[in-house]
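> predicted model, plus sequence, below.
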Amino acid sequence: MSSPHWLVTGGLGFIGSAFVRLTLRDRPDVRVTVLDALTYAGNPANLAAVADDPRYRFVKGNICDRTAVDAAIGEGVDAIVNFAAETHVARSILEPEAFLHTDILGTHVLLEAVRRHAVGRYLQVSTDEVYGHVHSGSSRESDPLAPRSPYAASKAGGDLQVLAYWTTYGAPVLVTRGSNTYGPYQHPEKLIPLFVTHLLEGRTVPVYGDGLQVRDWLHVDDHARGIRHVLEHGVPGEVYNIGGGNSRTNREITQALLDQTGRSWETHVRHVTDRPGHDRRYSLDSAKVRALGWEPQVDFRAGLIDTVAWYRANEAWWRAIKGGEFDAYYARQYAGR
């Protein structure tokens with residue numbers, strides 16, 4: 001019997017690359033093909049450690065391109081895990097069309113490939129942001145979707161397509177919705193790596209508004225393990241929330257990073273105008289995936305310390321990113337705020 005073969009789209013990104021590294025480490029029987037368009041967020045260095053593994057194959061291509069998807073599937077795959085997406089809320093405000101193209105059209109192309117190639121399982125990696133602002137309590141999988149940014153709306157559109165393919169065609173689909181994720185290899189446009197790398201450089205960090213927005217933080221390895229657990233044990237047609245259970249305000253995160261880098265609030269923080277439509281609070285109820293047998297393993301404080309240490313030790317990785325296109329984006333995002 002041949003070994004299982006999984007297609008991981010967007011596998012050179014932050015969470016996707018963690019999923020690939022962990023899978024090749026923990027599942028010696030699994031072969032992995034990565035399909036990635038190599039946008040600014042797709043970094044081959046994220047999978048340099050497994051590049052020579054005979055169970056790993058890379059195909060350059062966009063999920064919106066049927067020919068590229070078929071080439072990545074090759075003679076067949078047992079499962080597709082879709083990490084490929086435009087993911088940054090701030091970028092979606094500046095350039096919303098790209099998010100519609102990748103997150104909605106790309107999802108459609110993959111779903112049609114599932115039907116065409118009789119793929120055994122398809123998992124859509126989504127986000128807690130599709131639920132919108134959570135005034136109190138925690139979002140459950142049955143709650144209505146109320147996205148408030150172009151990014152969240154595009155992800156919600158992808159989710160709804162996936163679930164429609166279950167209802168209409170009986171496609172073997174699953175959806176996971178994760179909370180804010182942190183850890184090594186995260187692109188420095190995101191809050192924690194942006195703040196860590198800025199502070200290591202002695203630069204100020206931009207805190208939106210009063211900094212009291214609340215997010216639930218989840219280590220990337222726990223997120224990747226949760227996705228794999230749902231892929232292997234989830235019930236087709238179902239949605240599973242994957243939350244870290246570590247609610248913190250952005251001020252609390254900022255202070256923790258200041259403490260770890262030896263910087264001060266007075267000299268290294270500047271408050272900037274809040275983002276349009278910025279959700280005040282997210283919180284996920286993860287009882288459903290916990291009942292399936294998944295639990296987060298990484299303590300938040302220890303995980304944050306290890307993350308800062310990783311960025312200290314891998315300066316060459318993030319310096320290769322912070323420059324050129326990143327500088328232009330950062331200027332567009334924060335100049336005049």
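Good, I have the coordinates. Bear in mind the structure is a predicted one, so any value in this text is a computation, not a measurement.

> the strands in the stretch 1-150 of the chain, which residues?
Using DSSP state E, counting those that start in this stretch, the strands found in the stretch 1-150 of the chain span residues 5-9, 31-36, 56-60, 79-82, 121-127.

> I'd guess Val162 is in a helix, am I close?
Yes - the assignment for Val162 by DSSP: H, G, I helix; E, B strand; the rest coil puts it in a helix.

> sorry, back to before: among the strands of the stretch 1-150 of the chain, which is nearest His88?
strand 121-127 (11.3 Å; Cβ to Cβ). All C-beta atoms are positioned from the backbone trio N, CA, C, and that covers glycine.

> strands paired with the closest one, and their directions?
strand 79-82 (parallel), strand 173-178 (parallel) (DSSP bridges).

> centre of the chain to that strand, how far?
11 Å (Cα atoms, centre = their mean, to the nearest Å).

> mean confidence for that strand?
Strand 121-127 shows a mean pLDDT of 98.

> alpha carbons of it, as PDB, please.
Extracted in PDB, the C-alpha atoms of strand 121-127 (Å, rounded to 0.1, in the frame of the first residue of the first chain):
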ATOM      1  CA  ARG A 121     -10.300  14.900   2.400                       C
ATOM      2  CA  TYR A 122     -10.200  18.700   2.000                       C
ATOM      3  CA  LEU A 123      -9.400  21.000   5.000                       C
ATOM      4  CA  GLN A 124      -9.900  24.700   4.800                       C
ATOM      5  CA  VAL A 125      -7.800  26.700   7.200                       C
ATOM      6  CA  SER A 126      -9.800  29.700   8.300                       C
ATOM      7  CA  THR A 127      -9.800  32.300  11.100                       C
END
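
> that strand vs strand 5-9, what angle?
With axes from the mean of the first three to the mean of the last three Cα atoms, to 10 degrees applied, the angle from strand 121-127 to strand 5-9 works out at 30 degrees.

> neighbouring contacts of strand 121-127?
15-16, 78-83, 85, 87, 107, 110-111, 114, 152, 155, 158-159, 162, 171-178, 227, 230-231, 234, 236 (Cβ atoms under 8 Å, 6 or more residues apart in numbering).

> do the same with stretch 324-337
So stretch 324-337 is contacted by Tyr40, Ala90, Arg91, Leu94, Pro188, Glu189, Pro206, Val272, Thr273 (Cβ under 8 Å, 6+ apart).

> stretch 89-100 too?
So stretch 89-100 is contacted by 85-86, 129, 149-152, 154, 157, 189, 275-277, 329, 332-333 (Cβ under 8 Å, 6+ apart).

> Asp216 belongs to a strand, doesn't it?
Yes - applying three-state DSSP, one finds Asp216 inside a strand.

> thinking again about what came up before, tabulate the strands of the stretch 1-150 of the chain (CSV), appending mean neighbour count and distance to Gly262.
Listed next are the strands of the stretch 1-150 of the chain as CSV, based on neighbours: other Cβ atoms under 10 Å; distance: least, Cβ to Cβ, whole Å:
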stretch, mean neighbour count, distance to Gly262
strand 5-9, 25, 38
strand 31-36, 25, 36
strand 56-60, 17, 39
strand 79-82, 26, 39
strand 121-127, 25, 33
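
> format those strands as CSV; extra columns: distance to Leu199.
Formatted as CSV, these follow (distance: least, Cβ to Cβ, whole Å):
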stretch, distance to Leu199
strand 5-9, 32
strand 31-36, 30
strand 56-60, 34
strand 79-82, 34
strand 121-127, 26
